[in-house]
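[1] Provided below for reference: sequence and predicted model.
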Amino acid sequence: MLGGAAGAAAGTQIGSGSGNTAAIIGGTIVGFLVGGSIGRAMDDLDQNCVGQILEHAPDGSDITWVGADQARYQVEPRRTYQESGGAYCREYTATAAIGGRSQQTYGTACRQPDGSWQLIN
């Protein structure tokens, strides 16, 4: 299983920017990125992992980690595209196994001008 740092290092960077600045900015997210009970269970560190995965992991890669609450999270970026306005967006699947229950959600997040990711559906 990969931790947040390993997930951040996986794959290539999306969009413009370089070095540490892009990695730090890409890790910030706006609001709960993953909806439903998965998003409510995630702490700030887990949310940061999701932001890093969206910023750096290639499409089709499965990134898994165990949170401080012992929940097992998995995020798979599925498709990356660029909107007509220039923003990069990623469709993803997220799964959480918490207390013996598993839940999966599908969503799309777009990279904001400040480098954060925002859930759009």
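    That came through, no problem.
[2] Run through who's touching stretch 74-81.
    14, 34, 49-50, 53-54, 57-64, 88-96 (CB atoms under 8 Å, 6 or more residues apart in numbering). In short, each C-beta sits where N, CA and C put it, glycine included.
[3] Of the residues you listed, keep whichever come out buried.
    14, 34, 49-50, 53-54, 57, 63, 88-92, 94-96 (16 or more other CB atoms under 10 Å).
[4] one step back: please flag which of the contacts of stretch 74-81 sit within strands.
    63, 64, 88, 89, 90, 91, 92, 93, 94, 95, 96 (DSSP state E).
[5] thinking again about what came up before, tell me which of the buried ones among the contacts of stretch 74-81 has the lowest pLDDT.
    Confidence by pLDDT is poorest for residue 14 among the buried ones among the contacts of stretch 74-81, given 42.
[6] Distance of residue 65 relative to residue 83?
    29 Å (CB to CB, to the nearest Å).
[7] Who has more neighbours out of these two?
    The residue with more neighbours, out of residue 65 and residue 83, is residue 65; 21 against 11, by other CB atoms under 10 Å.
[8] any idea how far residue 51 is from the more buried one?
    Taking CB to CB, one finds residue 65 at 13 Å from residue 51.
[9] In CSV, could you pull the C-alpha coordinates for stretch 104-121?
    In CSV, the C-alpha atoms belonging to stretch 104-121 read as follows (Å, rounded to 0.1, in the frame of the first residue of the first chain):
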residue,chain,number,x,y,z
GLN,A,104,-17.5,3.4,-3.8
THR,A,105,-18.1,6.8,-5.4
TYR,A,106,-17.4,8.2,-8.9
GLY,A,107,-16.8,11.9,-9.4
THR,A,108,-15.1,14.6,-11.5
ALA,A,109,-12.8,17.3,-10.1
CYS,A,110,-11.3,20.2,-12.0
ARG,A,111,-8.0,22.0,-11.2
GLN,A,112,-8.7,25.6,-10.2
PRO,A,113,-6.5,28.6,-11.2
ASP,A,114,-4.9,28.6,-7.8
GLY,A,115,-3.9,24.9,-8.2
SER,A,116,-6.5,23.4,-5.9
TRP,A,117,-9.0,20.7,-7.1
GLN,A,118,-12.7,21.2,-6.8
LEU,A,119,-15.4,18.6,-7.1
ILE,A,120,-17.8,19.5,-9.9
ASN,A,121,-20.3,16.6,-9.7
